[in-house]
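Chemist: quick one: sequence and predicted model below, then my questions.
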Amino acid sequence: MQKPSVSKGDTFKLHVSPLLTRGLVHPMIQMNLYPNLIPLDSAEKLDALFERSNQRPVALIKHSNTCGISADILYQLGRIDGDIHVLTIQQNRPLSAFVAERIGHRHQSPQVFVLKDGKAIYHATHYAIDPDKIALLLADL
């Protein structure tokens, strides 16, 4: 098989992610475009989230703003019906470590938890994260 030759000035067709077509620059996500993505940036908000899990399931993602997989998963989660609380690890490393300790799962990113009664009833990382399953759990079906 012969290698294709590339010359200066050649143009190429590239697959463009939906993130880029909406004016979002990878790997940053403008969470205000997805009203169900809620920043989680304090221990008080985390405590309130755990407390809320006693009434209904809640979702939390540990998101890395330098990871393409994390950006893709966040985009997918932004499209489901249900609130997703987003802990951006670069901005909240101590809080991220506290989540790992409190829930009992070592840190990874992206990493999603659905909490009910203060415990993880769903945990997945990277492309094992299933937005459809998360939506069902948040609907408490």
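Modeler: Received it, and whenever you're ready, just let me know what you need.
Chemist: ok, P39 touching N92?
Modeler: No. Assessed by CB atoms under 8 Å, P39 is found out of contact with N92, at 9.3 Å. In short, each C-beta sits where N, CA and C put it, glycine included.
Chemist: who's more crowded, the two?
Modeler: Taking neighbours as other CB atoms under 10 Å, P39 and N92 compare with N92 leading, 20 against 15.
Chemist: any idea how far K62 is from that one?
Modeler: 9 Å (CB to CB, to the nearest Å).
Chemist: just L115 next, same as before
Modeler: 13 Å.
Chemist: which residues touch the residue nearest the centre of the chain?
Modeler: Nearest to the centroid of the C-alpha atoms of the chain, with distances taken as CA atoms, centre = their mean, sits L74, at 3.8 Å. By CB atoms under 8 Å, 6 or more residues apart in numbering, the residues touching L74 are I29, L37, I61, H63, V86, P110.
Chemist: equivalent analysis for G82, please.
Modeler: The contact partners of G82, taken as CB under 8 Å, 6+ apart, are N36, A59, I134, A135, L138, A139.
Chemist: ok, now with 6 Å
Modeler: Listed by CB atoms under 6 Å, 6 or more residues apart in numbering, the contact set of G82 reads A135, L138.
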